[in-house]
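Student: Here is a sequence with its predicted model. Questions after.
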Amino acid sequence: MEYQIVFLDIDGTLINEEKVIPPDTLEAIQELQRNKIEVVLATGRAHYYFDELAKRCGIDSYVSCNGAYVVYQGTTIYDRPIPTKTLDQLQQIAAQHDHPILFQGSTAGFSTHKQHPYLDWTFQQLKLDSPDHNADFAHSENIYQALLFTPDAHEQQYREELPALTFIRWHEYCMDVFAKGGSKALGIEALLSHIGLAPSKAVAFGDGLNDKEMLSYVGMGIAMGNAHEALLPHANYVTRHVDDGGISHGLRHIGLMK
């Protein structure tokens with residue numbers, strides 16, 4: 001099989017727990033690019049939370065916000081915003097519990113709270129600055145994803161009362177929130193259709209619960225050695241840990257690196 005494109009998740013796949021790209025991973029990306037294999041980021045993050053990483057890797061195509069906002073070589077080719085009415089319902093429930101929400105648009109993200117322990121702690125662990133505050137941002141432009149800062153105890157209420165949304169927990173205090181039916185796979189499908197490639201020609205690496213659909217959709221889905229246990233059944237292959245040459249080892253296994 002001649003794979004022609006590689007999709008990389010970011011947290012736990014491209015970067016480690018210190019939010020650093022391992023040197024061997026960067027070298028692997030550069031080798032792929034020299035060999036005319038396209039490399040695309042596929043992440044739950046909005047692009048303004050990974051632009052510097054993308055520049056360092058020489059990557060200008062990405063599937064962001066869990067598939068809701070897709071850019072190919074610098075041009076937006078697909079977007080799937082959350083309906084405003086649904087966002088209002090989410091915000092009403094969150095306000096009952098004083099849970100912050102970070103609304104993510106195409107150019108920026110703003111929080112409903114200036115400060116909050118759940119929000120501040122999450123962003124500290126991401127090694128990112130806490131977002132700016134604008135409680136009305138959800139009504140100012142299309143919102144492609146929200147980050148809901150809530151502990152496990154309230155998770156079921158959101159799921160039951162907001163069936164039009166998908167919730168994926170990735171942190172003890174935070175969940176990704178996007179329109180039901182969305183996934184990284186949906187964004188990848190849009191990108192592959194745009195460039196005329198079949199899913200069988202694609203490879204994807206991931207480690208989290210939001211990577212299930214992506215790994216199942218492409219021709220070769222590779223789970224990192226540090227992947228969530230529930231992801232493993234969706235992978236064709238399990239590579240090494242992100243800090244143990246996971247990307248380069250996986251690429252060698254499938255014949256994309258020597």
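Tutor: Arrived safely, thanks for sending.

Student: From residue 241, how far off is residue 51?
Tutor: 26 Å (C-beta to C-beta, to the nearest Å). For the C-beta atoms, the positions are set from N, CA and C on the backbone; glycine is no exception.

Student: and those two? which has more neighbours close in?
Tutor: Using other C-beta atoms under 10 Å, the more surrounded residue of residue 51 and residue 241 is residue 241, with 16 against 12.

Student: Need the three-state assignment for the closest residue to the more buried one other than its chain neighbours.
Tutor: Leaving aside its sequence neighbours, residue 241 sits nearest to residue 225 (C-beta to C-beta, 6 or more residues apart in numbering; 3.9 Å). At residue 225 the chain is in coil, as set by DSSP: H, G, I helix; E, B strand; the rest coil.

Student: And the pLDDT for residue 1?
Tutor: Predicted confidence (pLDDT) for residue 1: 62.

Student: which element is residue 156 on?
Tutor: Using DSSP states H and E, residue 156 falls within helix 155-161.

Student: tell me what that helix is packed against?
Tutor: With contacts defined as 3 or more C-beta pairs under 8 Å, 6 or more residues apart in numbering; DSSP states H and E, helix 155-161 has these neighbours: helix 84-97, strand 165-171.

Student: Buried residues of it, list them for me.
Tutor: Across helix 155-161, burial judged by 16 or more other C-beta atoms under 10 Å covers residue 158.

Student: Send over it as PDB, restricted to the C-alpha atoms.
Tutor: Extracted in PDB, the C-alpha atoms of helix 155-161 (Å, rounded to 0.1, in the frame of the first residue of the first chain):
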ATOM      1  CA  GLU A 155     -20.900  15.300  33.200                       C
ATOM      2  CA  GLN A 156     -24.000  13.200  33.000                       C
ATOM      3  CA  GLN A 157     -26.400  16.100  33.300                       C
ATOM      4  CA  TYR A 158     -24.800  17.800  30.300                       C
ATOM      5  CA  ARG A 159     -25.000  14.600  28.200                       C
ATOM      6  CA  GLU A 160     -28.600  14.000  29.100                       C
ATOM      7  CA  GLU A 161     -29.900  17.600  28.600                       C
END
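
Student: Please give the number of neighbouring residues around residue 192.
Tutor: When counting by other C-beta under 10 Å, one arrives at 21 neighbours for residue 192.
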